[in-house]
Structures are given as structure tokens and as C-alpha cells.
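In: For reference, the sequence and a predicted model appear below.
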Amino acid sequence: MINFDNTYLNLPERFYAEVTPEKVSKPFLLEFNREFASEELGLNLDTLNKRELADLFTGQVLPDSASSIALAYAGHQFGHFVPQLGDGRALLMGEIVTPKGRRYDIQLKGSGQTPFSRDGDGKSSLGPVIREYIVSEAMHFLGVPTTRALAAAATGDSIFRDQPLPGGIFTRVASSHIRIGTFEYFAARDDLESLKLLVNYSIDRHYPDIKDQKNIYLSFLQKIAHTHASLVAHWMSFGFIHGVMNTDNMSISGETIDYGPCAFMDNFASNRVFSSIDRNGRYAYNNQIPIAKWNLYRLANCLIPFIHNDQKQAISIIEDSINSYSHIYEEKWMETMGKKLGLFSSEAEDQALINNWLQYLEDEDLDFTLSFRKLSESSNGLKETSRFKDFSSKWHKRLENQPQDLRESRDLMNSVNPVFIPRNHQVERAIQSAFEGDLSIFKDMNHLLKNPYVDQPKFEAYKVAPKPDERIEATFCGT
Ligand code: AMP
Ligand code: MG
């Protein structure tokens, strides 16, 4: 069925706990990402019927080579350290190696309690399953590094939150599930031996090119700084708000992971927050870069013992080194946002230009996605306020000073400014109608979001911004 090749199991037992998925009453397959399974993962599941796929993706039947473990990790949640979190409602089915030689984890999320569940039931309701499916796949097709969706299934059981809700299980594919919090788990226990094994395992799995570097631990940190800078810049460029950038939700592979109360903004507000649990706006849109840096420091702290025998010296080396590359977060942001304005390179003055444009969107309460797209059209219909005129004249000057012609700038803009994003009110509609047994919105969204940069008149309804009364301003973790 699936031939797993599990390397995480070779790590000491304190890295994970063995678990058995719970029985569910009526496994039912809602969506299966057949194209991804066969083309990227090289899995041949075509001989399985729908019921057998549902059994597989709810953990009712596990292949012989499966690992079935919950991983240990800790994490800073909203700034506070929690020494033990771990997979409380997920199990790693195992790792596969694709025909192209890529290694992936296949994980079931919502499959029942594990030794890390604390007071939780280990389950997930259908809402978050559908949300993660739609949004993670959309992210992939937008070009943002992300975990992928392999399947969404209903369990046929009710789970209890503030009301009974239908239960679901999400099958997630990730290039690994190692988080900053995994390092914090061992650092908090002063378990240097495990920490070192984890660093080496992570380098082997994700950054083998740094193995010959003089100080591989600093190089490792630097790699993470780069991948996270580029990741967060990507998020910002689509108006994406992750919502829970706790260190346990930051993968060291640089993939977006743990889609909880995340959302894409409609009308632009720089301090937008969607998550109902983020009361102080710690993870607001415009805080994502400072938070990514803060998270990097948490990782750096774990690496101190390996950088130098003398702690003071280690700290000073780390500080110097972090200072020297922390600006890459802003640089990546400038580069990514610049492209959205048709700029082929970054110049210092671009920051003011980008901010001017964003301020215009905010002043006028304009839709983030559609406004960028409109800007590349000659008669863009944007309201010509004084701020806009100011922006526009500087922007045109800047474009004219580039060696590329205006058509090339326009093509660049259209290649990075999507027409379609998974709009929050549509994701909610997909969820609500799935509750009523209608999967058509869920399926339509999965289909149309495969081509987010192409206008698809048939799906106009998914393109337009919500009317003020359709806007969904808050999302729930739904855990
Ligand atoms: P999250 O905020 O979703 O990243 O989860 C934070 C921690 O809470 C992780 O350790 C999860 O495994 C755990 N958790 C979340 N929901 C549940 C649940 N329903 N049952 C058990 N553990 C959970
Ligand atoms: Mg998490």
C-alpha cells in the first residue's frame, strides 16, 4: 500500500511516543489529493476504493511499515514557555521517499489521544480539517513553501467543543515535523546529547549542504534565518496572517505549518488580527517579521552549548551573528513586495514607496489582493486621492528608471499578484455547507485555487471581496 522508510524511529525513544489511532464509527473520505499522491509522492493508491482510502486516512488500517508515533516538542506559546507540548492530536504514520528522492512525513491530524494530549481529546472537528486542506493547498499553488494536504476524512463521530461538531481527520504531508519547539524540548531538559542528535538529524534531512562548514551550528541558524525570512515575506505579500506563530508552529524546514486560525486579509489593515485567541495582537499582520526574529532567538538559545564551550563567548558569537543577518528579514520583505509593484531589484527608497501604497490601501479600506492586481491595469479604477497621486508619480518614475520595459513590469506583477486567494468568507461557506453534506464549495475552491494567477470568469464569485456584512473578522483555532 505505502512503503514507509522511517528514520525518526532511529532517534532515541525520548523523541516520541508510540500511539494507536482510535477507532472511528464511520470513516468517510471527503477529499483525496490524487494528483499530488501519484505525481509528487509516487504513491500508487489507485487500487484502493473509497472505503479503503477512508480507512487508511483515518488510521483504521495502518500499513505494516507505518511508524505510528507522536513527536515530542515544547514551545513558546504567546511568549510563554511550555516545556512539554508534543503531538497531542496527531500521529506520524511514517516517512516516504518519493521517486525524485524527496523525503516526506505523512501525518494524521485528529486521530485521537496520545501521551501528549494533556486534557485534550486528541480530535479535530471538520471545520479545521477543511480549512487546512483548502488553505495549505492554495498556499502551495501561490508558490509559498507549505505542508500539503493528502486527504480529508470525516469520522462519523461527534466531538464536543462548546457544541457537538462533526469529527474529521486531516492527512498532512510535510518535509518534516521538526519545529523550533523540538529543540526547546531538549534544551529545557539540559539533554545535550539529544539536542546534538536533533541538530545533526535536521542538517542531514534539510540542509546537507552545510555539513562541511566550519561552524555548522551557526550555519544552521543562518539557514533557518534565511528560510523564515523568505517564508514570512511570502506570507506578507499575500496578506496572509498565520495567527499562531508560536515556536512549536515554526518548522525548521521553512514550510508554513499548523493552519489554525489563519486567514488572508480582504481589506488591508496593517495591524489585522483574525485569531480569536490573540487578544493582544502578538501575531498581527505587521508583527510577523519581528516575531519571526524573536523565534529565531529562541532557537539560537538552544544552540549556545554547541557554539562555544564558554557560555559568554557563545552568546556573544550568536549575538554578532544574528545581528549581522537579522536585516535579511526586511530585505526579503522589500524584495517580495517590490516585485508586486513591478520592481526587478530592491533599492533603499523602495521601502517608502511600498509603505506609501500600503498606507493608501489602508486609508481607503481597499482589498489587498485585488488592488495589487488592478494596479497593473492601465485604467485601474483606483481612487485618485492625493496619497495615490503622490505614490503613482514616484512609482512611475521608479518603473521608468528600470532597464526593463513597462510590459515586463506588468508581467512580473501579474505573475506574483494573484486573482484568487482562499477568502475567509468562502472558506467559512465551504465549511458550513460541508456540515450540511454539500462538498461542492470545498471542491470548487480546491479546483480553482490551483491556478490563482489566472482569471477564471466561471469562478467570479470567489474572486470578489466580501461585502462588508459578509466579512469574517475572527477565526477560531477550533482545536
Ligand atoms: P496548536 O495551537 O494547534 O499548535 O496546538 C498546541 C498544542 O496543543 C499541541 O501540543 C497540540 O498537540 C495540542 N492540542 C491541540 N488540540 C488538541 C486536542 N484536541 N487534543 C489534544 N491536544 C491538542
Ligand atoms: Mg501546533
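Out: Perfect, I can see it now. Ligands and ions are numbered 1, 2, ... in the order given.

In: count of neighbours near the residue in the chain positioned nearest to ligand 2?
Out: Ligand 2 sits closest to Asp258 of the chain, with a gap of 4.0 Å, by C-beta to the ion. All C-beta spots, glycine's among them, are computed from the backbone N, C-alpha and C. Per other C-beta atoms under 10 Å, the neighbour tally for Asp258 reads 23.

In: same thing with Val454?
Out: For Val454, using other C-beta under 10 Å, the count is 11.

In: what secondary structure does Leu370 sit in?
Out: helix (DSSP: H, G, I helix; E, B strand; the rest coil).

In: Likewise for the one 4 residues further on?
Out: In the three-state summary, Lys374 is assigned as helix, counting by three-state DSSP.

In: what about the closest residue to it other than its chain neighbours, distance to Phe391?
Out: Leaving aside its sequence neighbours, Lys374 sits nearest to Asn380 (C-beta to C-beta, 6 or more residues apart in numbering; 4.3 Å). From Asn380 across to Phe391, the span is 12 Å (C-beta to C-beta, to the nearest Å).

In: out of these two, which sits in the more crowded spot?
Out: Phe391 (23 against 13).

In: can you list the domains in the chain?
Out: Here the domain parsing of the chain from automatic domain parsing is 7-174, 341-416.

In: how about those domains in a markdown table, adding distance to Glu460 and mean pLDDT?
Out: Formatted as a markdown table, the domains of the chain follow (distance: least, C-beta to C-beta, whole Å; pLDDT from 0 to 100):
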| stretch | distance to Glu460 | mean pLDDT |
| --- | --- | --- |
| domain 7-174 | 17 | 97 |
| domain 341-416 | 12 | 96 |
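
In: for those domains, which one ends up most surrounded?
Out: Most buried of the domains of the chain, by mean neighbour count (mean count of other C-beta atoms under 10 Å): domain 7-174, with a mean of 19.

In: Say whether ligand 2 is contacted by that domain.
Out: No: if you take C-beta under 5 Å from the ion as the test, domain 7-174 misses ligand 2, and the best it gets is 7.4 Å.

In: is it true that the residue nearest to Lys374 touches Arg373?
Out: No: the pair Asn380 / Arg373 is not scored as a contact, 9.0 Å apart, by C-beta atoms under 8 Å.

In: what about whichever residue of the stretch 101-250 of the chain sits closest to ligand 1, distance to Ser194?
Out: Minimum separation of the stretch 101-250 of the chain from ligand 1 (C-beta to the nearest ligand atom) falls at Gly120, amounting to 2.2 Å. Distance, Gly120 to Ser194, using C-beta to C-beta: 25 Å.

In: residue closest to the middle of the chain?
Out: With distances taken as C-alpha atoms, centre = their mean, the residue of the chain nearest its centroid is Thr256 (2.1 Å).

In: Ignoring the adjacent residues along the chain, who's closest to it?
Out: Here the residue nearest Thr256, using C-beta to C-beta, 6+ apart, is Thr146, at 4.2 Å.

In: That neighbour against Arg172, yeah?
Out: No: the criterion here is C-beta under 8 Å, and Thr146 misses it with Arg172 at 10.1 Å.

In: shared neighbours, the two?
Out: Ser136 (C-beta atoms under 8 Å, 6 or more residues apart in numbering).

In: Name the SS class of Leu108, please.
Out: Of the three states, Leu108 takes strand according to three-state DSSP.

In: From what I see, it and Leu62 are in contact.
Out: No: contact criterion C-beta under 8 Å: Leu108 and Leu62 do not qualify, at 9.4 Å.

In: Which neighbours do these two have in common?
Out: Pro21, Met93.

In: Looking at the domains of the chain, spot the one closest to Lys467.
Out: Among the domains of the chain, domain 341-416 comes nearest to Lys467, with 11.5 Å by C-beta to C-beta.

In: can you pull out the helices in the stretch 51-200 of the chain?
Out: Here the stretch 51-200 of the chain has its helices, by DSSP state H, counting those that start in this stretch, at 126-142, 180-188, 192-206.
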